[in-house]
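> Take this sequence and fold it.
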Amino acid sequence: MKRRWLRLAAVPAAFALFAAACGDDDTAGTGGDTEAPGDATTSPGTGTEPDGTTEPGDTTPPGDTQPPGTMGSIPVDPALEGTSVTITGSERDDPSVIAINESLKAFGDANGMEITFTGDADWEANINTQVQGGNPPNIGIFPQPGKLGEFARAGNIFPLAEATAEAVGTYWAEDYSNYGLVDDQLFAVPVKTDLKSIVWYQPSVFEAAGFAVPETFDEFTALLDQMKAEGDGRKPLCVGIESGNATGWTFTDWTEEMVLRQQGGDYYDQWVAHEIPFDDPGVAEAMQTVLDVWSEENVFASGGTIAATNFGEPNASALVNGDCYMHRQASFFSGFFPAGTGFADGAEGSIDVFYFPDINGDRPVLTAGTFAAAFDENPETMAVLAYMATPGYAQLRQEIQTRELDGGLSGFLSAAQGQDPAVYQPLEQGFLEILNSADLSRFDASDLMPAEVGVGSFWSEGTSAANGDQDAAEAAANIEDSWP
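Predicted coordinates:
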């Protein structure tokens, strides 16, 4: 799955394609054929978990019909004038809500329509109530493909119109867009991407100690040994899995990384679908690899134990303070570092990331993300979804969200192809490079599994194994027994 930045000249043509098609009532509701931080204190990717600049010479403010940084003009469809579209989702922090609404307003203003997004901390519960009461929004942004599939099979959401599906196929690689497929019909537009396969570190510390960034997993484990033997006393890794009722989700991420690296994408897919049982030797091997890496001599846990150490800020502080050399965590982790921390700027003590190395040369990445789906077949709903699929929407949201954070890291990332990477900060550009140089991408497995496992036994049994109460094979067997 090699992905590179598309030529920007291709973007206006695709905009025009869906603009013309969305005005045609005959296309609404037809299935399209095609070849996943809100609150950073809880687990990412589940919805219950954890200044913008203008182009040179462009003085049009965000929200006008020619917003800064968008690629080509926003298409105008007279049939959309006077319509309105409501959208809800779990993102509710001010920078995200402002950026989403302003990005949508650009499209709405160009077409004489009103588009509003509302963030909801209890979105997953409230959307059920709204559907049951017959008053859902026009569009919902789903944080879990599993819930999306349940709604699709129940007939609560509608397949994408043909032109909307074409927009998704134009700008999103299959490894991302396929999580919007339900029974071979495309129901959703990917709108946000979280990258998990990264390791945070301080380049200046590595350079001073003579450590090299590992290119393979064997080199990674050799580096752990080198750090213990030649380092300055800090532990190779910071690790914490405490997250309140979600304690243990960090273990699931590490396990998913290892299943993907050791066994490959096809095996991973069969494991998620339970075509391969959870207690298969390949899964147990991945879990045991994690426990071996998390040995006492390798890990600094500020809370005394891994299970007692919160997954977030304690690890960021420990990395900055010199208690450890590395921390594997998703792209949202940038929000936990102390104020004034430098990122990828080459300065002493600056924080950067490297790719969590592969094993078989297939350079896999683990991701999470959100997906927008329609609760009706209205042309205006499908037109807005088509716009949300584009790099223009992603790029404008990034610009505005960066502006709202006074030029800091936005916490937003999109794998939509065709964006200008210049709107991202240097560290964020590194995230995009890792996403776009991957051969293989898979969505967070625990978000795809039944809730009894993905947000239940996988967390609790993983925590028990991390505490040393059972080995990997026992934990895997217990998780298999819990599968509904």
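
> what sits against residue 232?
Each residue near residue 232 by Cβ atoms under 8 Å, 6 or more residues apart in numbering is listed here: 209, 322. Backbone N, C-alpha and C define where each C-beta goes, glycine included.

> what does the model give it for pLDDT?
Per-residue pLDDT puts residue 232 at 95.

> Excluding chain neighbours, what is closest to residue 460?
Spatially, and ignoring its direct neighbours in sequence, residue 460 is nearest to residue 248 (6.0 Å; Cβ to Cβ, 6 or more residues apart in numbering).

> correct me, but the one you found touches residue 456?
No: Residue 248 is not in contact with residue 456 according to Cβ atoms under 8 Å; the separation is 9.6 Å.

> Who has more neighbours out of those two?
Each of residue 248 and residue 456 has its neighbours counted (other Cβ atoms under 10 Å); residue 248 has more, 26 against 17.

> ends of stretch 293-301, how far apart?
Using Cα to Cα, to the nearest Å, one end of stretch 293-301 lies 13 Å from the other.

> ok, residues contacting that stretch?
Contacts for stretch 293-301 (Cβ under 8 Å, 6+ apart): 221, 224, 228, 234-240, 254, 306, 308-309, 318, 323-324, 466.

> Same check on stretch 121-135?
39, 47-48, 88-90, 92, 120, 136-137, 140, 143-144, 147, 151, 156, 375.

> Buried ones among those?
Buried members of these, counted by 16 or more other Cβ atoms under 10 Å: 39, 47-48, 88-90, 120, 136-137, 140, 143-144, 147, 151, 156, 375.

> Scan the chain for its longest strand.
Identified as the longest strand of the chain according to DSSP state E is strand 364-374.

> what about that strand, average pLDDT?
The model assigns strand 364-374 a mean pLDDT of 97.

> Counting neighbours, what do you get for residue 98?
For residue 98, using other Cβ under 10 Å, the count is 17.

> Next up, the contacts around it.
Residue 98 sits next to 400, 401, 404 when contact means Cβ under 8 Å, 6+ apart.

> rerun that using 7 Å as the cut-off
With contact set as Cβ atoms under 7 Å, 6 or more residues apart in numbering, residue 98 has these partners: 400, 404.

> what do you get for the one 10 residues further on?
Contacts were defined as Cβ under 7 Å, 6+ apart; by that measure residue 108 touches 114, 115.

> Could I get the buried residue list for the helix or strand encompassing it?
In this structure, residue 108 sits in helix 94-111 according to DSSP states H and E. Across helix 94-111, burial judged by 16+ other Cβ under 10 Å covers 95-111.

> before we move on, back to that, the contacts of stretch 121-135 in strands, which ones?
Using DSSP E, the contacts of stretch 121-135 in strands are 88, 89, 140.

> which one of those sits closest to residue 382?
Here the nearest of those to residue 382, counting by Cβ to Cβ, is residue 140; it sits at 14.3 Å.

> The residue nearest to residue 460 is in contact with residue 463, isn't it?
Yes: Residue 248 is within contact range of residue 463, at 4.0 Å (criterion: Cβ atoms under 7 Å).

> Residues in contact with both of these two, list them for me.
Both residue 248 and residue 463 are contacted by residue 241, under the criterion Cβ under 7 Å, 6+ apart.

> Which parts of this structure are strands?
84-89, 114-119, 139-142, 181-182, 185-186, 188-195, 198-201, 235-238, 299-300, 324-328, 352-355, 364-374, 440-443.

> Could you give the bridge partners of the residue most central in space within the chain?
Centroid-nearest residue in the chain: residue 194, 2.0 Å away (criterion: Cα atoms, centre = their mean). Residue 194 forms beta bridges with residue 368, as assigned by DSSP bridges.

> And residue 289, how far from residue 263?
Distance, residue 289 to residue 263, by Cβ to Cβ, to the nearest Å: 11 Å.

> now swap in residue 287 and tell me
Taking Cβ to Cβ, one finds residue 287 at 12 Å from residue 263.

> More neighbours: which of these two?
Counted by other Cβ under 10 Å, residue 287 and residue 263 do not tie: residue 287 has more neighbours, with 28 against 20.

> I'd like to know which of the ones in strands among the contacts of stretch 121-135 is nearest to residue 441.
Nearest member of the ones in strands among the contacts of stretch 121-135 to residue 441, counting by Cβ to Cβ, is residue 89, at 22.1 Å.

> Look up the closest residue to the closest one, ignoring the ones flanking it.
Residue 89's closest residue in space is residue 141 (Cβ to Cβ, 6+ apart), at 3.1 Å.

> for residue 305, same thing?
Nearest non-adjacent residue to residue 305, counting by Cβ to Cβ, 6+ apart: residue 467, 6.8 Å away.

> Please apply the same query to residue 454.
Residue 454 sits nearest to residue 446 (Cβ to Cβ, 6+ apart), 3.8 Å away.

> Next up, the contacts around that neighbour.
Per Cβ under 7 Å, 6+ apart, neighbours of residue 446: 249, 252, 454, 455, 458.

> what about the second one, how many neighbours?
Burial of residue 252 is recorded as 25 neighbouring residues (other Cβ under 10 Å).

> Return the set of buried residues in stretch 316-327.
Buried residues in stretch 316-327 (16+ other Cβ under 10 Å): 316, 318, 319, 323, 324, 325, 326, 327.
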